[in-house]
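Peer 1: take this sequence and fold it.
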Amino acid sequence: MTNKVFVYFNLHKNVFSLQSRNKEDYGLVLGHADHVILKNAKFVVRPKGRERVLKEKKKNVHAGVVGEVVSYVGAESGPEVAITYNPYKYSTFVVKETEEPIEQAEYVVLRLGLKNTPIIGAY
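Peer 2: Numbering: from 1, shown residues only. I've put the predicted structure just below:
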């Protein structure tokens with residue numbers, strides 16, 4: 001069995017929350033981490049949640065990355081591409097440099113940067 005999760009940045013704890021996407025415990029928060037590596041990753045933005053953010057100007061959990069937890073990313077995966085998401089500017093996750101939408105990546109690394117800001121890199 002794979003350990004499929006939905007990972008989002010938890011603003012209250014300043015860490016990433018890992019929520020189960022496995023049938024037997026779907027939706028359960030499995031834990032928190034300051035560094036997560038996922039494979040076969042898909043970037044998810046729930047449109048209704050984004051609409052609520054835009055309407056209420058109040059953040060809610062509506063965007064994250066779904067994938068399988070792994071322990072490392074091999075060097076053959078190539079260079080990291082910086083990814084970002086801002087519900088006020090984009091309806092999807094985007095490549096930071098080009099602002100092109102991104103839906104999936106072979107590997108995604110989510111980690112905390114300076115001042116506990118989330119950093120997302122795709123391979």
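Peer 1: make it CA atoms for all contacts and neighbour counts henceforth
Peer 2: Will do.
Peer 1: in the protein, which ranges drop under the pLDDT threshold?
Peer 2: 1-2 (pLDDT under 70).
Peer 1: so where do the strands sit in it?
Peer 2: Taking DSSP state E as the test, the strands found in the chain are 4-10, 15-20, 29-33, 35-45, 63-70, 81-84, 94-95, 104-112, 118-122.
Peer 1: turn the ones you listed into JSON lines, columns for mean neighbour count.
Peer 2: Listed next are the strands of the chain as JSON lines, based on neighbours: other C-alpha atoms under 10 Å:
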{"stretch": "strand 4-10", "mean neighbour count": "23"}
{"stretch": "strand 15-20", "mean neighbour count": "22"}
{"stretch": "strand 29-33", "mean neighbour count": "14"}
{"stretch": "strand 35-45", "mean neighbour count": "20"}
{"stretch": "strand 63-70", "mean neighbour count": "21"}
{"stretch": "strand 81-84", "mean neighbour count": "18"}
{"stretch": "strand 94-95", "mean neighbour count": "18"}
{"stretch": "strand 104-112", "mean neighbour count": "21"}
{"stretch": "strand 118-122", "mean neighbour count": "20"}
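Peer 1: distance of residue 47 from residue 62?
Peer 2: Counting by C-alpha to C-alpha, to the nearest Å, the separation of residue 47 from residue 62 is 8 Å.
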